[in-house]
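Visitor: predicted coordinates and the sequence they were generated for:
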Amino acid sequence: MAKRVKIRVFRYNPAHDTDARYDEFEVEAERWTTVLDALLYIKAHKDHSIALRYSCRMASCGSCGMLINGIPRLACYTKVYELGSDVVTCRPLPNFPIIRDLAADFTAFFAKHKSMKPYIINEVAESIDGREFIQKPEEVEKYLQFSYCIKCGLCYAACPTVATDRRFPGPQALAQMYRYLIDSRDKATDERLRIVDDRHGVWRCHFAGSCSMVCPKGVDPALGIQLLRAYLLGMNRDSKVVAELYRREPK
Amino acid sequence: MKENREGIKGWLNPTRYGANRFAYWLQRLTGLGLLAYFIAHVIETSNIVYGKNAWEKMLAVTQTTEGHIVLMVVIGMCVFHAANGVRLYIAEHGKGIGRPGRPEYPYKPTSLGLGMKACIWVSVALAALAMMYGAYVLFGEV
């Protein structure tokens, strides 16, 4: 059965607004109506000037992250009904500069991600020549979970350290650092550890766990960060053996 | 562009993100409380340089009901901060937080599993017990 809900949308256009405000809209929500559905209905029928970012509508692209009733969530992955409230307040993700209304600027977030060198570093891989790295399933499982990251920025918005330290890379970037560090194809262990072994780096995390609570893909960045720290502390260094290239023989 | 950084006000609400965020908030709060107590304690004990009378006058303040309540709170803060600190130390060494695996819906994070939650509530319970024992000793003397 449909119910009427009030959607409060944060409005701010830096081009001509001095202060932010909320616009309120009444929307009919079915059990399957997502917050993104409601916002797109408002945009189509009530106020086309609302700015928001979205793409896949199925929690794969990570574009529609926003603060919904105080918690960072994907609008396409959050049903109005499951919020258990007749009022849904949508704000842009905190810790990201506001471009307009619900659209946030991800420039600094992506720069931090890139600073972690999110790619395999191994000179052998340059001359792969028909050969391939052989990895055991247990070697794949060490990093697979972290490779599901869709860079939606929800963890970055929830992190209390990011909220106060501009130089902290954030949970997304640190989890990606662990993802490449522990990959048996990667050989740049020392280079990677030098990047994060800093007082504004991995040691700044206080394990508030908020990043893992809001992650829509089960990446568990807090786990990656603690394992990265454990690696720096020498706890699991023996667990990584760099993979070698093999030529698969035709059967 | 408006910066929209949460700042310190992002720390203030401990109810949004579950037990770990609550523990984070309490660890910060007790840390600040213990720092305030440490400063007050140094000021208090420095009164000895003004002679025996000044020292005993200051000591009498801690023997009041209000003084005992403050000491009880300090005991609680100290025990929680220490016990939760041990939990964080263990987690930072990669222990008790689970292992990476294939995420399956509904995606329960292993790092915030039952073990970590139990440690948080045990820390709270130990702090409460220590406060009760403190109350028994302090108010038992009155």
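Guide: Done, it's in. Residues are numbered from 1 along each chain as shown, chains lettered A, B, ... in the order given.

Visitor: send me stretch B:126-142 as CSV with only the CA atoms.
Guide: Output of stretch B:126-142 as CSV, limited to C-alpha atoms (Å, rounded to 0.1, in the frame of the first residue of the first chain):
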residue,chain,number,x,y,z
LEU,B,126,34.2,-3.5,33.7
ALA,B,127,34.0,0.3,34.0
ALA,B,128,30.6,0.0,35.7
LEU,B,129,31.9,-2.7,38.1
ALA,B,130,35.0,-0.6,39.0
MET,B,131,32.7,2.4,39.6
MET,B,132,30.5,0.4,41.9
TYR,B,133,33.5,-0.9,43.8
GLY,B,134,34.9,2.6,44.0
ALA,B,135,31.5,3.8,45.4
TYR,B,136,31.6,1.1,48.0
VAL,B,137,35.1,2.0,49.1
LEU,B,138,34.6,5.8,49.0
PHE,B,139,31.2,6.1,50.5
GLY,B,140,31.8,3.2,52.9
GLU,B,141,34.3,5.5,54.6
VAL,B,142,31.9,8.4,55.1
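
Visitor: now it: buried residues?
Guide: B:126-127, B:130-131, B:134, B:138 (16 or more other CB atoms under 10 Å in any protein chain shown). (Each C-beta comes from the backbone N, C-alpha and C, glycine too.)

Visitor: just the ones of those residues in helices?
Guide: B:126-127, B:130-131, B:134, B:138 (DSSP state H).

Visitor: let's have those in CSV, adding distance to chain A and pLDDT.
Guide: Shown next, in CSV, are those (distance: CB to the nearest CB, whole Å; pLDDT from 0 to 100):
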residue, distance to chain A, pLDDT
B:126, 19, 98
B:127, 19, 98
B:130, 23, 97
B:131, 24, 97
B:134, 27, 95
B:138, 32, 90
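
Visitor: out of those residues, which is nearest to residue A:37?
Guide: Proximity of those to residue A:37 (CB to CB) peaks at residue B:127, which lies at 45.9 Å.

Visitor: now the closest residue to the closest one other than its chain neighbours: which helix or strand?
Guide: Nearest non-adjacent residue to residue B:127, counting by CB to CB, 6 or more residues apart in numbering or on different chains: residue B:80, 3.8 Å away. Residue B:80 is part of helix B:65-92, with elements assigned from DSSP states H and E.

Visitor: same deal with residue A:157?
Guide: Element membership of residue A:157, judged by DSSP H and E, is helix A:154-158.

Visitor: tally up the residues packed near residue 11, please.
Guide: Picked chain A for this. Counted with other CB atoms under 10 Å in any protein chain shown, residues neighbouring residue A:11 total 18.

Visitor: chain B was what I was after
Guide: Using other CB under 10 Å, the number of residues around residue B:11 comes to 18.

Visitor: residues contacting it?
Guide: A:160, A:163-164, B:25, B:28 (CB atoms under 8 Å, 6 or more residues apart in numbering or on different chains).

Visitor: widest-spaced pair of these?
Guide: Farthest-apart pair in the contacts of residue B:11 is A:164 and B:25; separation 13.7 Å (CB to CB).

Visitor: helices or strands up against the lowest-mean-pLDDT helix or strand in chain A?
Guide: Of all helical and strand segments in chain A, the minimum by mean pLDDT, DSSP states H and E falls on strand A:245-246, at a mean of 80. Counting contacts by 3 or more CB pairs under 8 Å, 6 or more residues apart in numbering or on different chains; DSSP states H and E, strand A:245-246 packs against strand A:132-133.

Visitor: tell me which strands the strand it packs on pairs with, and in which orientation.
Guide: Strand pairing for strand A:132-133, determined by DSSP bridges: strand A:245-246 (antiparallel).

Visitor: related to what we said a few turns ago, what's the closest of the ones in helices among the buried residues of stretch B:126-142 to residue A:32?
Guide: Using CB to CB, residue B:127 is the member of those that lies nearest residue A:32, at 45.2 Å.

Visitor: surely that closest one is in contact with residue B:82?
Guide: No - applying CB atoms under 8 Å, one finds residue B:127 not in contact with residue B:82, separated by 9.2 Å.

Visitor: now residue A:71. Its backbone dihedrals?
Guide: With angles defined as degrees, to the nearest 10, residue A:71 sits at phi -120, psi 140.

Visitor: now do the SS call for the closest residue in space to it that isn't next to it in sequence.
Guide: Excluding its sequence neighbours, the residue lying closest to residue A:71 (CB to CB, 6+ apart) is residue B:16, at 6.1 Å. Applying DSSP: H, G, I helix; E, B strand; the rest coil to residue B:16 yields a three-state assignment of coil.

Visitor: residue B:16: what's it in contact with?
Guide: Applying CB under 8 Å, 6+ apart, the residues contacting residue B:16 are A:70-71, A:210.

Visitor: reformat the residues you listed as JSON lines; add pLDDT and neighbour count.
Guide: Output for the contacts of residue B:16, formatted as JSON lines (pLDDT from 0 to 100; neighbours: other CB atoms under 10 Å in any protein chain shown):
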{"residue": "A:70", "pLDDT": "95", "neighbour count": "12"}
{"residue": "A:71", "pLDDT": "96", "neighbour count": "17"}
{"residue": "A:210", "pLDDT": "96", "neighbour count": "29"}
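
Visitor: with those in mind, which one is nearest to chain B?
Guide: Relative to chain B, the closest of these is residue A:210; by CB to the nearest CB it sits at 3.9 Å.

Visitor: hmm, residue A:158 and the closest one touching each other?
Guide: Yes - at 3.9 Å, residue A:210 counts as touching residue A:158 under the criterion of CB under 8 Å.

Visitor: what touches both of those two?
Guide: Residues within reach of residue A:210 and of residue A:158 at once, by CB under 8 Å, 6+ apart, are residue B:17.

Visitor: burial of the closest residue to residue A:54 other than its chain neighbours, as a residue count?
Guide: In space, not counting the residues next to it along the chain, residue A:54 is nearest to residue A:64; the distance is 4.1 Å by CB to CB, 6+ apart. Residue A:64: 25 surrounding residues under other CB under 10 Å.

Visitor: swap in residue A:138?
Guide: Number of residues near residue A:138 (other CB under 10 Å) recorded here: 8.

Visitor: does it belong to a helix or a strand, and which?
Guide: According to DSSP H and E, residue A:138 maps onto helix A:137-144.
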